[in-house]
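Novice: no sequence for this one, just the structure:
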DNA sequence: TTTAAATGTCTATTGATATAGACAACCATA
DNA sequence: TATGGTTGTCTATATCAATAGACATTTAAA
């Protein structure tokens, strides 16, 4: 279980160790005590100096995952990971269900623009047709979970920005604009290291992982109504596909 | 498009830059020339010294993604990313389709063991019932794409290791053992940094990302026949979910 | 054949990362 | 109220990552 950390790889030891501890917390390895093992023990396990472990724990404390108490130890503050079901009926808010007390959708910005090749292809428009672009961040219990860029056919969903800002939900915004139901047609999933914009929007630290989905929703007639590129903080979520 | 590498984050600049170039290659940014921009240009774009860019390119060359030619430039050798459709009929080999010339499934090891809580839950067995565990690595065109640990009910699929070794495919191994068809019931997806075992099995460099799926297949009567934890090299694959 | 543009190699220096040891401060409990 | 176990802080040193500059070598094109 100890497992070795790798030197001279361009990834600092303290960062590798932070990641290992984060995963151990998430896996419930320390559930019995509710605490991370003492720094000296961790240092021995990973084969590094105690100071290096302290750097790792400091990073986790910065994220609010652990809290060190002098004389006692390092307490675990959070260990949850949100589960997102992906299916025909994929929706952010109902998907979260009772996993969080409170979910919010914040509109960071919006614009009208002409569709580039990628957007046009997904929405089955001609390149150059006008689309509405929404930049949003979704939070659960105050923690940012995902940031999304969404495109909608402008003609059909002219009032989208206002509707989203009012309802804080794509589903409810669609409803306000006369689309009572829609289905998820396609989802693509990849993973990458967080970019500068992710660090800001999702309150991540550099080197963190983002799960990226490209998704297309259609109305019940199969006409595309939304294309979204969504970036999730990978250590806060998992996806479930039920067939 | 330029800039935005982060300093003092525990992730070396050359590693961040390698990741950015890797993604640009994958996105087709350099398709016109088939070459990466000159080192001096990249250095200016990222705001770092040329030597730092050279470290990044050296890492990509080590992976066989680019090849530097003195006097000419740095050529792109590979840019593909395999697409995995995930659906009721998810299978590795047919999913790959014509994306690779050759796919292989290698059996690294196998064992009989009693099911732990997690395996028992997924396979709907009682904890302690005997299961067969298979450790496999799947390759496309000689490059490792995923490493998997799979569990099967021992009673029903006693000859699994031999059948897999012979056929190099789960689907064909099932067929040999009398199961002509099966369906994917559930898939869970997460992402994490590669661990030491991943680096070996998938020929990755430390800091790389792995996409992790936990999947359960059933026969046509809904009886679980396989539970797998599969780790994919994130920069070589993407998943597509079609509803 | 010359030249410009590109990668390859070398030296030197600075700043970040990691190790090592010592000791202070704090907490729980025997 | 001691005591052992824990986190917090300090100093010093070694190694890795990154910058800086100079120049060699190779290629393609003028």
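Specialist: In hand now; what should we look at? As the structure is a computational prediction, the values presented were derived from the model and not from experiment. Numbers count the residues shown, from 1 in each chain, chains lettered A, B, ... in the order given.
Novice: C-alpha from now on. contacts and neighbour counts both.
Specialist: Will do.
Novice: and residue A:111, bridged to which residues?
Specialist: Here residue A:111 sits in beta bridges with residue A:133, as judged by DSSP bridges.
Novice: Report the residue ranges of every domain in chain A.
Specialist: A:13-76, A:82-241 (automatic domain parsing).
Novice: most neighbours per residue, which of these?
Specialist: For these, the largest average neighbour count (mean count of other Cα atoms under 10 Å in any protein chain shown) is found in domain A:82-241, namely a mean of 19.
Novice: Just list the residues touching residue A:105, thanks.
Specialist: A:136, A:137, A:138, A:139, A:168, A:169 (Cα atoms under 8 Å, 6 or more residues apart in numbering or on different chains).
Novice: sorry, back to before: among the domains of chain A, which comes closest to DNA strand C?
Specialist: The closest of these to DNA strand C is domain A:13-76. By Cα to the nearest atom of the strand, the value is 3.1 Å.
Novice: Assign a three-state SS to the residue located most distally from the centre of chain A, would you?
Specialist: For chain A, the largest distance from the centre (Cα atoms, centre = their mean) belongs to residue A:71, which lies 35.2 Å off. Assigned with DSSP: H, G, I helix; E, B strand; the rest coil, residue A:71 falls in the coil class.
Novice: May I have the predicted confidence score for it?
Specialist: At residue A:71, the pLDDT value in this model is 90.
Novice: and what of residue A:170?
Specialist: Model confidence at residue A:170 (pLDDT) stands at 92.
Novice: Same check on residue A:100?
Specialist: 63.
Novice: Just the element for the spatially closest residue to residue A:148 that is not a sequence neighbour, please.
Specialist: In space, and not counting its chain neighbours, residue A:148 is closest to residue A:230: 4.1 Å by Cα to Cα, 6 or more residues apart in numbering or on different chains. According to DSSP states H and E, residue A:230 maps onto strand A:224-233.
Novice: Could you list the paired strands of the helix or strand following that strand along with their orientation?
Specialist: The first helix or strand that comes after strand A:224-233 along the chain, using DSSP H and E, is strand A:237-242. Its sheet considered, strand A:237-242 pairs with strand A:82-86 (parallel), strand B:183-193 (antiparallel) by DSSP bridges.
Novice: Tell me which of those strands sits nearest to DNA strand D.
Specialist: strand B:183-193 (17.1 Å).
Novice: pLDDT on the closest one, on average?
Specialist: Computed over strand B:183-193, the average pLDDT equals 87.
Novice: same deal with stretch A:15-27?
Specialist: 85.
Novice: Could you do stretch A:125-143 as well?
Specialist: 90.
Novice: Over to stretch A:112-122?
Specialist: For stretch A:112-122, the per-residue pLDDT averages 92.
Novice: right, is that stretch up against chain B?
Specialist: No. Judged by Cα under 8 Å from any Cα of the partner chain, stretch A:112-122 stays clear of chain B, getting no closer than 11.9 Å.
Novice: mind listing the strands for chain A?
Specialist: A:35-36, A:66-69, A:73-76, A:82-86, A:103-114, A:130-140, A:143-153, A:183-193, A:209-218, A:224-233, A:237-242 (DSSP state E).
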